[in-house]
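**Q** I'll drop the sequence and a predicted model, then ask my questions.
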Amino acid sequence: MLMVKPPRGPVGGFVVSGEQMPKQKIVTLRKRADFVAARGGRKVNRPGFLLQARRNGLEEMRVGFTCSKKLGDAVRRNRAKRRLREIARLTLPKHGAPGFDYVLIGKKDTTAELPFETLRADLETALGEIGGGRQ
RNA sequence: GCGGAGGGCCGGACGGCCGCUUGGGCAGCUUCCCUGGGAGCGGCCUGGGAGGAAAGUCCGGACUCCAGGAAGCAACGGCGCCGGGUAACGCCCGGCCGGGGAGACCCGAGGGAAAGCGCCACAGAGAACAGACCGCUCCAAUCUCGGAGCAAGGGUGAAACGGUGGGGUAAGAGCCCACCGCGGGACGGGCGACCGGACCGGCACGGCAAGCCCCGCCGGGAGCAACGCCAAAUAGGGGCCGCAGAUGGGGGGCUUCCCCCCGGCGGCUUGGGUUGGCGGCUCGAGCCUGCCGGCAACGGCGGGCCCAGAUGAAUGGCCGUCGAACGGCGCGCGAGCGCCGGGAACAGAAUCCGGCUUACAGGCCCUCCGCGCAU
């Protein structure tokens, strides 16, 4: 396959309905400009990923995913992206903050292989550390 | 049963919870023109959702745009035994020839070397209208030396101007003869590549075309980021009209004034670039199936089906049960069996098809060959 485009994240927003949470929309980042802007924000490093966060000046919470070619071939990249998307879906509604852009960056091997619960717990603590999140 | 050859197919299964994307249906909300419809948003129900290679991007097409009377020629590139299949191919099928194998089968860039050029290293006496090193024979001579004839034997080499046997001769030689090989070839068979071959010729015409070349056939270029449409905002371009003419720059005239061009301000209009959105975008040389034609590739007819359309790029995440390879232990002469561990190869659509090539844990099926055993 001719791979000329830069690595990308997932598409589509998703709605999570928590038990006692009001329905809240989380938009997925798609524009390169948003990803570039997030680079200037705060960063928290974890074994399975790197989290970036930045105020977006909006009501809503947004999230983006980056898995570059460093992660490996398409199969490995896609798997890493899917796992990042899943921990974001499960964790952000309770631990993320509206008005923020979050970008999760995958890491070689670990993103695809670390136990799922570890990844998820790491995102929780990372969100607490990066500030703006709820307790 | 053991060993081997060819071909086809599959490539984890079942379930639970939670998601993504897309088609359809239902009702709702927002918004725009307002008989009616368009756009958007989420909800519920319901259906679809990666591969045999989706890969490499190597050939062939469809489809777009560009260029160009059609076409042809030249250049360049590709292809190259014959016949068939196909939309087309460098692919596939069936043959032919050559080579390998005991066989099933496998391998072959396989047109032309009497159109021309070029090359044939090393070794060797001599390498392409060849040549005489060691030799052989005769004459002369008999110590060396010389003259003539020969190319059978030795030696070199990838290749040495046919092979074996006999006659012949001073010794030899297709010099003569038989068989084999080689060249030509009436005629016969085949659509053809090609096969057979009466008879003729004493043998002449070495190899390389994957060095150039010649001949035949094919090819205009770029690619879905093609291309078409819509909407914005910033900057800028072209055109038209108006304003100011108190005028900055340049030019002209009948020179305290007037005209033209550039520049200025405002409006209208127009074609591009960028960003975003929509179309292209998935019903197609489609898939399944029956019959018919064909050795086959494949084709025809009938019936049925709708089977991904994402775009920072969906097709998944987690868990449970079952589970192949593999590892360990035990049992058995053995094929194998039992228990425990272990957990699934290569790999992810990007406009769509037909091929090729490459990667791949393991499993299943069919046909054929050889050997062994039984009958």
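**A** Cool, got the structure.
**Q** pLDDT weak spots in chain A?
**A** Residues of chain A meeting the criterion pLDDT under 70: A:1-25, A:74, A:131-135.
**Q** just want the most central residue of it.
**A** Nearest to the mean C-alpha position of chain A, by Cα atoms, centre = their mean, lies A:Leu104 at 3.4 Å.
**Q** identify the bridge partners of that residue.
**A** When assigned by DSSP bridges, A:Leu104 has beta-bridge partners A:Leu51, A:Phe65.
**Q** residues contacting the residue nearest to A:Leu29 when sequence neighbours are not counted?
**A** Leaving aside its chain neighbours, A:Leu29 sits nearest to A:Gly64 (3.1 Å; criterion: Cβ to Cβ, 6 or more residues apart in numbering). Where you see a C-beta, it was placed from the backbone N, CA and C, and this is true even at glycine. A:Gly64 makes contacts with A:Gly9, A:Thr28, A:Leu29, A:Arg30, A:Asp34, A:Phe35, A:Ala38, A:Asp101, A:Tyr102, A:Val103, A:Leu104, as judged by Cβ atoms under 8 Å, 6 or more residues apart in numbering.
**Q** export the residues you listed to JSON lines and append columns for distance to A:Arg46.
**A** Shown next, in JSON lines, are the contacts of A:Gly64 (distance: Cβ to Cβ, whole Å):
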{"residue": "A:Gly9", "distance to A:Arg46": "18"}
{"residue": "A:Thr28", "distance to A:Arg46": "21"}
{"residue": "A:Leu29", "distance to A:Arg46": "19"}
{"residue": "A:Arg30", "distance to A:Arg46": "24"}
{"residue": "A:Asp34", "distance to A:Arg46": "22"}
{"residue": "A:Phe35", "distance to A:Arg46": "19"}
{"residue": "A:Ala38", "distance to A:Arg46": "16"}
{"residue": "A:Asp101", "distance to A:Arg46": "18"}
{"residue": "A:Tyr102", "distance to A:Arg46": "13"}
{"residue": "A:Val103", "distance to A:Arg46": "13"}
{"residue": "A:Leu104", "distance to A:Arg46": "10"}
